[in-house]
Every structure is written in C-alpha cells, then in structure tokens.
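Trainee: Need coordinates for the below:
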Amino acid sequence: LQWWDSPAGSSPGVRSHLSAAVEGELLPKWLAALRQWLTSSDADLEEVAKWYRGWKELLAPLVSATGPAGGVGAALATALSMMQRTAEVDEDDEEELKAHRRWLEGLPLPPVGTTSYVSVVRGRGGGGGGSG
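Mentor: Numbering: from 1, shown residues only. Modelled structure (predicted):
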C-alpha cells in the first residue's frame, strides 16, 4: 500500500484492483485471525490493540478512497467492535466468558473471495463459470 500515492498507484484501475483484493482476500482472513486471537485464553488485549492500530494506519488510504462504510472501513469497524466487547468481558465470570466466545464464533464474517475482487478479475475476461 506504500505506492498508493505514487504515480503508479494513482491509476483508478490499479486502485480498484488493490481495493478489491484487500476486501475480498485479505480482510476476511484478517477478521478470522482476529476472532481466533480474541477467543484464545491467552489473548493480550494491549497487543491486539497495537496490531489493530498498525493495520488501521496501513489501510487508511483505502478507507479514504472507499469511505468509512466501504469494505475496508466496515471491516475495521467490525474488528473494533470485536475488541471492545472482548475488553468488557469479566474474565473471572466463566459464563460470561463462554457467552462472549459463542458470540465471537457466531459472528458472520465475509467469506474469502466473494467481494468485489472476484467481479473485477472476472471483468478482465478471466473466467467464466462458478457462482460466487
């Protein structure tokens, strides 16, 4: 993402492909990794927050380009909600902890490859069949 503001990255086509790839391939895996981390018994919430802030800074150009309600902004908002709810859980209350883990595990996350990236790639004339 470092070249987003460079001459090579300023092309709308390049930006569209990059945004679609991040939304369709990276973010679903990123959210799944966060969910797994937050459901682990040894999750360090300060470390999780630092990890989130790094990603938020890295993805900031995509949020600016697609808006806060776009795929990247929505994924960051989902992640923030997951972290906030986890921070509010009383770790000494076993029932509350179990309920929270069930909530996290039941949270619908976008499947990999089913967002706009697939449409962009198929739009290049790449492949036919299959539903996404």
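Trainee: can you give me the helices for this protein?
Mentor: Counting by DSSP state H, the chain has these helices, from start to end: 12-21, 27-39, 45-66, 71-88, 94-106, 116-123.
Trainee: Between helix 45-66 and the second one, find me the angle.
Mentor: In other words, helix 27-39. Orientation of helix 27-39 against helix 45-66 (axes from the mean of the first three to the mean of the last three Cα atoms, to 10 degrees) gives an angle of 160 degrees.
Trainee: Between helix 94-106 and helix 27-39, find me the angle.
Mentor: 170 degrees.
Trainee: Name all residues that make contact with the residue most central in space within the chain.
Mentor: To find the centre residue of the chain, average its C-alpha atoms and take the closest one (Cα atoms, centre = their mean): that gives residue 27, at 3.2 Å. With contacts defined as Cβ atoms under 8 Å, 6 or more residues apart in numbering, the neighbours of residue 27 are 71, 72, 75, 110. The way it works is simple: take the backbone N, C-alpha and C, and place the C-beta from them, glycine included.
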